[in-house]
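S.K.: Quick one, what's the 3D model for this:
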Amino acid sequence: MTTTTNGRIPKLVHVTSVEVLHDRVVHLTFTDGCEGDLDLGSALTGRVFGPLADNDDLFRAVRVDPEARTLVWPNGADMAPEMLHLEAATDCPHRWVRPRHDLTPGLGPKPKSSSGPL
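M.R.: Purely as a prediction, here's the structure:
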């Protein structure tokens, strides 16, 4: 689930608060006033995030870093606030959005096709 609508995505935002609700579900609040719940369970894999899936105390030690203004854990794990916003922000008082680029995965923006010579 994402909060994208009509090919648009939210502008740059940061996390202002986090609360662990249960299991690997957190409630997040963002600088644009949006908030929502997010189950991070499926994202907690690999060398950095895997320990968060396996250790309740480590996961519950999540906090908002005052400089990066996103979720961080004592083991050095952190998450991009823009992606957290895309996945969690469901209750928004004001929708701040910008156009999303037409992207080809791994290749950057798709070139616009032309119907004639340059």
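S.K.: Can you list the buried residues in the helix or strand containing residue 84?
M.R.: Per DSSP states H and E: residue 84 is located in helix 81-88. Neighbour-count burial for helix 81-88, with 16 or more other C-beta atoms under 10 Å as criterion, is recorded at 81, 82, 84, 85, 86, 87, 88. C-beta coordinates here come from the backbone N, C-alpha and C atoms, glycine included.
S.K.: any chance of these in a markdown table, with distance to residue 70 too?
M.R.: Formatted as a markdown table, the buried residues of helix 81-88 follow (distance: C-beta to C-beta, whole Å):
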| residue | distance to residue 70 |
| --- | --- |
| 81 | 4 |
| 82 | 9 |
| 84 | 7 |
| 85 | 10 |
| 86 | 13 |
| 87 | 13 |
| 88 | 12 |
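S.K.: quick one: which of those residues is nearest residue 59?
M.R.: For the buried residues of helix 81-88, the closest approach to residue 59 (C-beta to C-beta) belongs to residue 84, at 15.0 Å.
S.K.: which residues touch that closest one?
M.R.: Neighbouring residues of residue 84 by C-beta atoms under 8 Å, 6 or more residues apart in numbering: 15, 28, 30, 38, 70, 71.
S.K.: If we use 6 Å, what do you get?
M.R.: Residue 84 makes contact with residue 28, according to C-beta atoms under 6 Å, 6 or more residues apart in numbering.
S.K.: ditto for residue 46
M.R.: No contacts exist for residue 46 under C-beta under 6 Å, 6+ apart.
S.K.: where's it relative to residue 63, distance?
M.R.: As for residue 46, its distance to residue 63 is 21 Å (criterion: C-beta to C-beta, to the nearest Å).
S.K.: Right, I'll call it a day here.
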